[in-house]
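Q: Quick one, fold the following:
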Amino acid sequence: MKTKLATIALSLILSVILPLPSLAGTVLEDIKRTGVLKAGIRQDAPPLGFVSADGKWEGYCIELMELLGKRLQDQLQLSQPIEVQFIPSTLENREQLVKEGKAHLECGPNTIMRNPQPGITYSDRFLATGVHLLVRPDNQPFIKPSGALENISIGVLPDSLTQQFISSRYSLAKVVEYPGVDGRKNAVEDVVQGRLNAFASDGLLLVGEVLRNPSISTQDYALVPQEPLTCEFYGMILPEGDISWINTVNSLILVEETVNILTGLYGKDSEYVKTLESAHNKCLL
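A: Next comes the predicted model:
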C-alpha cells in the first residue's frame, strides 16, 4: 500500500513539473505528418494580405508564408514541398483561429501586445509601422499633426489601438468611427470626397486601400506627417506554449527581409516601400 501511495504521489508531482504533451502534438509534428502549413491571412489588409478582384490571394504575407513553407521543408527534411493553405482571418477571429488549431499561425497587421490574450503569443517583430493621417492635398496645409486638430473630423476603426491613440492625443478633434469589414474603404472614400477631414490608420494599410481603388489617383490624397506618429511592431500570432514552433518561426522569419519582399512585389519606388522605410527610419534605427 505504501509503495502504491508513493507511486501515485510521485506521479502527481511529475505531472506538475513535467506536464503531459498535448494529444494534438506540436505544430511542427503536425506539419511533418500532413505536409500542410495552415496560415491565417486577412482578406482586407493590402499589402499584407488581400484577395484581388479576380479572386486570387495576394500580398506580403502570401509571399512570406510560401517562403516559410520552403524553409520548413528543408528543416524538416521532407521530400515533398509543403502545401500552404490560406485560412481567411478577420480582426475579430484571428486569435481564435490559432487558439483552436484551425491555423498554425496568423500573418497580418497584428500589433505586438505586452499582454496577449490567453492561448496565444506573438512571434518576434517582422515589420515596423505606425499611424499616419490620410488627407486631401488641398486640406494638408490646415491639418497639422503637431497641433491639437481642434474640430477636425478624424475617422478611425472602432476598438482599435489607433482609436485609443487618436482619442488621447487629439482630444479636441471629432472622432468618427467606421465599423465593419468595409470601414477602412468607406473612410478613405469619405476623405477623398471631402466628407471627412482625415482618416487615421497604419500607413501601409492606408496606402494599400487607396492603391486598390482604381478611382483614386496619387493626386487625390496625402499622408501626414512624413514619419508615423507612433511606432508599432507587427508579429505573427502563434499558439502559446509551443516553444519549438515559436522558436522555429522566429529563426526563419527575418525583419530585414520585409523591405526586400515588398520591393520584389511592387518595386523600389512604390508607395509601400517608401512608407515602410519611413517607419523603419523612425522606429528601428
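Q: Which strand or helix spans residue 154?
A: strand 153-156 (DSSP states H and E).
Q: For the helix or strand just after that strand, name the packing helices and strands.
A: The helix or strand immediately downstream of strand 153-156 is helix 161-169, counting by DSSP H and E. With contacts defined as 3 or more C-beta pairs under 8 Å, 6 or more residues apart in numbering; DSSP states H and E, helix 161-169 has these neighbours: strand 131-135, strand 153-156, strand 174-177, strand 198-202. Every C-beta, even on glycine, is put in place using the N, C-alpha and C of the backbone.
Q: Pull out the buried positions in helix 161-169.
A: Neighbour counts over helix 161-169 (16 or more other C-beta atoms under 10 Å) mark 162, 163, 165, 166 as buried.
Q: Now for those: which two are most distant?
A: Taking C-beta to C-beta as the measure, the buried residues of helix 161-169 span a maximum distance of 7.3 Å, between 163 and 165.
Q: For the most centrally placed residue in the chain, give me its contacts.
A: Nearest residue to the geometric centre of the chain (C-alpha atoms, centre = their mean): residue 109, 1.8 Å. By C-beta atoms under 8 Å, 6 or more residues apart in numbering, the residues touching residue 109 are 42, 45, 48, 129, 202, 204, 205, 234.
Q: Next: residue 252.
A: 68, 71, 72, 75.
Q: Assumed the third one was part of a strand.
A: Right, residue 72. No: applying DSSP: H, G, I helix; E, B strand; the rest coil, one finds residue 72 to be helix, outside a strand.
Q: ok, the contacts of residue 252 vs residue 102, which is closest?
A: residue 68 (17.6 Å).
Q: Just give the closest residue to the closest one, not the sequence neighbours.
A: Leaving aside its chain neighbours, residue 68 sits nearest to residue 252 (5.8 Å; criterion: C-beta to C-beta, 6 or more residues apart in numbering).
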